[in-house]
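S.K.: Please work out how this folds:
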Amino acid sequence: MERSQPAVRCPLNCVIITPLIKCTTGSDGTIHFWDKDARTRLKTFEPAPGPISTTSFSRNGNIFAYAVSYDWSKGHSGMTPGQPNKIMLHACKDEEVRKRPTRK
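M.R.: Predicted coordinates:
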């Protein structure tokens, strides 16, 4: 009998809730956009090269900013000297941040 592998769990670093969507990011470099009302995922980004420590949307929601930097989730021993800290900008497309029509 085979045992399934346990799911990898990483700390959730940031949750942003706007009138349109919710965004979650983690120490594993993942970013997800969610339809907050339908509770469905709208977009999953390719993992960033490091932990996502914080995020924000522009006032009109067209730009998504996130910081890639060590978040201390693995303690002092997990810190890699010389790992760059980056602020990244993503131009949001309508299909990434708008609610999907309900199916009938």
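S.K.: Quick one: list the elements packing against the helix or strand bottoming out on mean pLDDT in the chain.
M.R.: Least confident helix or strand, the chain: helix 94-97 with a mean of 82, by mean pLDDT, DSSP states H and E. With contacts taken as 3 or more CB pairs under 8 Å, 6 or more residues apart in numbering; DSSP states H and E, helix 94-97 sits against strand 40-44. The C-beta positions use only the backbone N, C-alpha and C, and glycine is treated the same way.
S.K.: Can you mark which positions in the helix or strand just after the strand it packs on are buried?
M.R.: Later in the chain than strand 40-44, the nearest helix or strand by DSSP states H and E is strand 52-57. Of the residues in strand 52-57, 52-53, 55, 57 count as buried by neighbour count, 16 or more other CB atoms under 10 Å.
S.K.: Likewise for stretch 62-81?
M.R.: Judged by neighbour count (16+ other CB under 10 Å), stretch 62-81 contains these buried residues: 64, 66-69, 71.
S.K.: and if you look at stretch 19-37?
M.R.: For stretch 19-37, the neighbour count (16+ other CB under 10 Å) marks 20-31, 33-36 as buried.
S.K.: and if you look at stretch 81-98?
M.R.: For stretch 81-98, the neighbour count (16+ other CB under 10 Å) marks 90, 92, 97 as buried.
S.K.: I'd guessed the last one sits against residue 63; true?
M.R.: Right, residue 97. No: at 10.8 Å, residue 97 and residue 63 do not qualify as touching, with contact defined as CB atoms under 8 Å.
S.K.: for the spatially most central residue of the chain, which residues make a bridge with it?
M.R.: In the chain, the C-alpha nearest the mean C-alpha coordinate belongs to residue 31, at 2.0 Å (CA atoms, centre = their mean). Using DSSP bridges, the bridge partners assigned to residue 31 are residue 25.
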